[in-house]
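[1] got a structure for you, letters missing:
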């Protein structure tokens with residue numbers, strides 16, 4: 001993840017504390033999903049403009065509904081799939097080969113996002129997506145640790161892990177994590 005200032009790093013630490021506190025208090029996955037989305041938007045807003053994030057969310061919503069349509073096995077499924085992927089590839093080419101003025105999307109890791117969107121469309125057309133949840137999908141696309149530089153993950157895998165209860169604190173893991181954070185701050189300072 002790229003930190004342009006200490007503010008984004010502070011927001012991430014604050015978000016981790018708030019999210020883990022919410023996990024301990026609430027077991028409602030819908031609330032936690034909303035909290036993750038709001039946290040990702042606020043953290044990413046320190047790195048990219050709100051307009052860039054809005055464009056990514058707008059494209060993602062269109063892809064989500066197209067994927068949902070493809071999952072229902074429409075008569076012209078291949079046409080919808082090819083058209084949707086074609087639009088995403090054209091957007092990628094326009095931005096990466098400077099064929100248009102895309103100042104709003106300069107810091108966005110568009111290739112990772114587009115590969116995720118294409119992967120979602122293909123999995124939808126093969127009917128591999130079992131749970132179409134718009135909130136989980138938006139979290140999958142703008143999840144702040146992977147937004148700028150990947151890795152490209154499957155939606156089903158992300159959706160599975162976001163639904164799990166996995167907050168188990170163990171002393172050796174906390175010590176190792178704090179050591180790595182401290183080491184990263186020290187290395188970043190020099």
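    Structure received. Keep in mind that what you see is a predicted model, and the values were worked out from it rather than measured.
[2] any idea how far residue 86 lies from residue 114?
    Relative to residue 114, residue 86 is positioned 12 Å away (criterion: Cβ to Cβ, to the nearest Å). Where C-beta positions appear, they are placed from N, C-alpha and C, glycine not excepted.
[3] now residue 174
    Remark: distance between residue 174 and residue 114 (Cβ to Cβ) = 36 Å.
[4] of those two, who's got more company?
    Applying other Cβ atoms under 10 Å to residue 174 and residue 114 shows that residue 114 carries more neighbours, namely 21 against 10.
[5] Flag every buried residue along the longest helix along the chain.
    Among all segments of the chain classified by DSSP state H, the helix with the greatest residue count is helix 50-71. In terms of neighbour count (16 or more other Cβ atoms under 10 Å), helix 50-71 has its buried residues at 52-53, 55-56, 59-60, 63-64, 66-67, 69-71.
[6] Looking at these, which one is closest to residue 14?
    Set against residue 14, the nearest of those by Cβ to Cβ is residue 53 (19.0 Å).
[7] What does the pLDDT read for residue 121?
    The confidence metric pLDDT takes the value 92 at residue 121.
[8] quick one, what contacts it?
    The neighbourhood of residue 121, defined by Cβ atoms under 8 Å, 6 or more residues apart in numbering, consists of 63, 66-67, 70, 81, 84-85.
[9] Low-confidence stretches in the chain?
    Under the criterion of pLDDT under 70, the regions of the chain flagged as low confidence span 1-6, 95-109, 148-150, 166-169, 189.
[10] Skip the chain neighbours and tell me the closest residue to residue 27.
    On the basis of Cβ to Cβ, 6 or more residues apart in numbering, the spatially nearest residue to residue 27 that is not a chain neighbour turns out to be residue 165, at 7.3 Å.
[11] host element of residue 118?
    helix 110-125 (DSSP states H and E).
[12] Which residue ranges of the protein form strands?
    Under the criterion DSSP state E, strands are not mapped anywhere in the chain.
[13] Closest one of the contacts of residue 121 to residue 187?
    When these are compared for distance to residue 187, the smallest value, 37.5 Å, is given by residue 63; criterion: Cβ to Cβ.
[14] I figured that closest one hits residue 116, correct?
    No: using Cβ atoms under 8 Å, residue 63 and residue 116 do not qualify as a contacting pair, with a distance of 9.1 Å.
[15] Contact partners for residue 28?
    Listed by Cβ under 8 Å, 6+ apart, the contact set of residue 28 is empty.
[16] Need phi/psi at it.
    Per-residue torsions, residue 28: phi -80, psi 110 (degrees, to the nearest 10).
[17] ok, it to residue 159 distance?
    As for residue 28, its distance to residue 159 is 16 Å (criterion: Cβ to Cβ).
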